[in-house]
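>>> Quick one, structure for this:
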Amino acid sequence: MFEARLDMFRNRLVKVYRHLGRQARRQGIECYRLYDHDLPEFPIRIELYGERVYLSEYKRYHGMSEEVHEQWLDAVYQVIAEILELSTDRIYGKLRQRKTGRQGQYQKTGEEQEFFEVNENGLRFWVNLTDYLDTGLFLDHRITREMVRTGSADKRVLNLFAYTGSFSVYAAAGGAREVCTVDLSNTYLEWAKRNMILNGFQDDRFSFIQADVKALLSTIPDKRYDLIILDPPTFSNSKRMEEELDVQRDHVMLIRECLRILTPGGLLYFSNNYTRFQLDSAAIQGAEIKDITRATTPFDFEGRLNRPCFRIKNPG
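Numbers count the residues shown, from 1 in each chain. Got it, this is the predicted structure:
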């Protein structure tokens with residue numbers, strides 16, 4: 001029975017919470033990943049968002065009846081609540097199916113519209129743990145966002161595949177001259193606007209475009225932006241797109257187009273979530289490419305971060 005294994009899970013959670021919680025408090029971070037399938041018998045992901053917990057269970061064949069599985073999940077909730085010293089109604093659960101290269105992302109799962117604010121590096125963001133598979137704030141790009149803030153002073157910034165606009169908020173906070181936020185989804189673009197407004201950024205320096213990024217890039221004039229964030233999904237075939245997107249196949253075209261519209265000396269931050277991604281450096285000529293994956297890996301993702309990240313400089 002699973003009861004015999006709960007102590008193993010409890011011990012593991014106590015250990016990581018003590019270690020990661022200490023680092024989070026030292027850095028003033030209230031949103032971080034605590035556990036991600038550390039033990040094979042407990043294939044779940046646990047993230048903290050302030051005083052709330054986001055628990056997602058990976059879909060797999062567990063061999064338990066529906067009744068026993070519910071008992072197992074309830075026991076997991078109880079252990080988490082005990083160790084984190086909170087009530088189980090502060091734990092929000094989802095079933096998470098591992099993405100393949102042919103899946104989209106950001107699927108909607110509910111209609112509760114329960115948004116709340118969280119803090120990250122002195123900035124505020126709306127998070128939703130009930131309605132979407134993803135929460136609205138990707139924790140693994142915490143350091144990359146800070147790099148963008150540091151390098152945005154008086155820059156014209158373009159945020160592509162922007163999702164809920166967290167990079168845009170950081171760019172605005174860094175003193176960007178202008179920030180353009182682009183996403184195909186009007187839902188996430190409106191979320192991005194709310195995040196900007198939450199932080200006091202709502203004048204005409206900040207624009208929002210609902211568009212297919214692949215189609216939009218060809219319409220932007222040369223040398224238009226000083227800093228670009230390019231974080232495409234692994235794959236997308238939305239009906240609103242002119243053609244499907246495959247990051248492995250299309251990344252060279254996307255990067256070349258970004259380099260075309262970058263000013264001399266401009267920077268491109270390029271990342272994606274395809275775990276087997278290979279950058280075709282030879283096809284990206286005339287640019288300085290630096291792999292910053294390790295440098296942008298937060299403390300709560302050390303040893304288990306699969307997403308690549310690159311800083312690409314346009315020498316002009």
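
>>> Output the below-cut-off pLDDT ranges for the stretch 151-300 of the chain.
Nowhere does the stretch 151-300 of the chain drop to pLDDT under 70.

>>> show me where this structure has helices.
In the chain, the helices defined using DSSP state H lie at 3-27, 66-84, 142-150, 166-173, 186-198, 213-217, 247-261.

>>> a markdown table for those helices, including distance to residue 52?
To be clear about C-beta, it is placed using only N, CA and C from the backbone, and glycine gets the same treatment. As requested, the helices of the chain are exported to a markdown table (distance: least, CB to CB, whole Å):
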| stretch | distance to residue 52 |
| --- | --- |
| helix 3-27 | 15 |
| helix 66-84 | 10 |
| helix 142-150 | 18 |
| helix 166-173 | 18 |
| helix 186-198 | 17 |
| helix 213-217 | 32 |
| helix 247-261 | 31 |
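
>>> quick one, which of the ones you listed is packed in tightest?
Comparing those by mean neighbour count (mean count of other CB atoms under 10 Å), helix 166-173 ranks first with a mean of 27.

>>> Enumerate residues external to that helix that contact any of its residues.
Residues from elsewhere that reach helix 166-173 (CB atoms under 8 Å, 6 or more residues apart in numbering): 120-123, 125, 137-138, 141, 144-146, 148-149, 152, 155, 157, 159, 162, 179, 181, 192, 195-196, 199, 201, 205-206, 227, 229, 231.

>>> Got the confidence number for residue 62?
In this model, residue 62 is scored at 80, pLDDT.

>>> ok, longest strand in this protein?
Secondary structure of the chain per DSSP state E: the longest strand is strand 262-271.

>>> quick one: which of the helices of the chain is nearest residue 309?
Nearest to residue 309 among the helices of the chain is helix 142-150; the distance by CB to CB comes to 6.1 Å.

>>> Return the list of helices and strands in contact with the closest one.
In terms of contacts (3 or more CB pairs under 8 Å, 6 or more residues apart in numbering; DSSP states H and E), helix 142-150 is packed against helix 166-173, strand 262-271.

>>> One more pass at 10 Å, please.
With contacts taken as 3 or more CB pairs under 10 Å, 6 or more residues apart in numbering; DSSP states H and E, helix 142-150 sits against strand 115-120, strand 123-128, helix 166-173, strand 225-230, strand 262-271, strand 309-313.

>>> Export only the CA atoms of that helix, formatted as PDB.
What follows is helix 142-150, C-alpha atoms only, in PDB (Å, rounded to 0.1, in the frame of the first residue of the first chain):
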ATOM      1  CA  ARG A 142      13.500  34.500 -13.200                       C
ATOM      2  CA  ILE A 143      17.200  35.200 -13.800                       C
ATOM      3  CA  THR A 144      16.700  35.900 -17.500                       C
ATOM      4  CA  ARG A 145      14.000  38.400 -16.700                       C
ATOM      5  CA  GLU A 146      16.400  40.200 -14.400                       C
ATOM      6  CA  MET A 147      19.000  40.300 -17.200                       C
ATOM      7  CA  VAL A 148      16.400  42.000 -19.400                       C
ATOM      8  CA  ARG A 149      15.600  44.600 -16.700                       C
ATOM      9  CA  THR A 150      19.300  45.400 -16.300                       C
END
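
>>> tell me the mean pLDDT over that helix?
On average, the pLDDT along helix 142-150 is 98.

>>> relative to strand 225-230, how tilted is the longest strand of the chain?
Taking axes from the mean of the first three to the mean of the last three CA atoms, to 10 degrees, one finds that strand 262-271 is oriented at 20 degrees with respect to strand 225-230.

>>> packing partners for strand 262-271?
Judged by 3+ CB pairs under 10 Å, 6+ apart, strand 262-271 is in contact with helix 142-150, strand 156-160, strand 225-230, helix 247-261, strand 288-291, strand 309-313.

>>> can I get those in TSV with distance to residue 174?
Listed next are the helices and strands packed on strand 262-271 as TSV, based on distance: least, CB to CB, whole Å:
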stretch	distance to residue 174
helix 142-150	4
strand 156-160	9
strand 225-230	9
helix 247-261	19
strand 288-291	20
strand 309-313	16
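
>>> Residue 59 is nearest to which of these?
helix 247-261 (23.1 Å).

>>> so how far is stretch 265-278 from its chain's centroid?
A distance of 13 Å separates the centroid of the chain from that of stretch 265-278, by CA atoms, centre = their mean, to the nearest Å.
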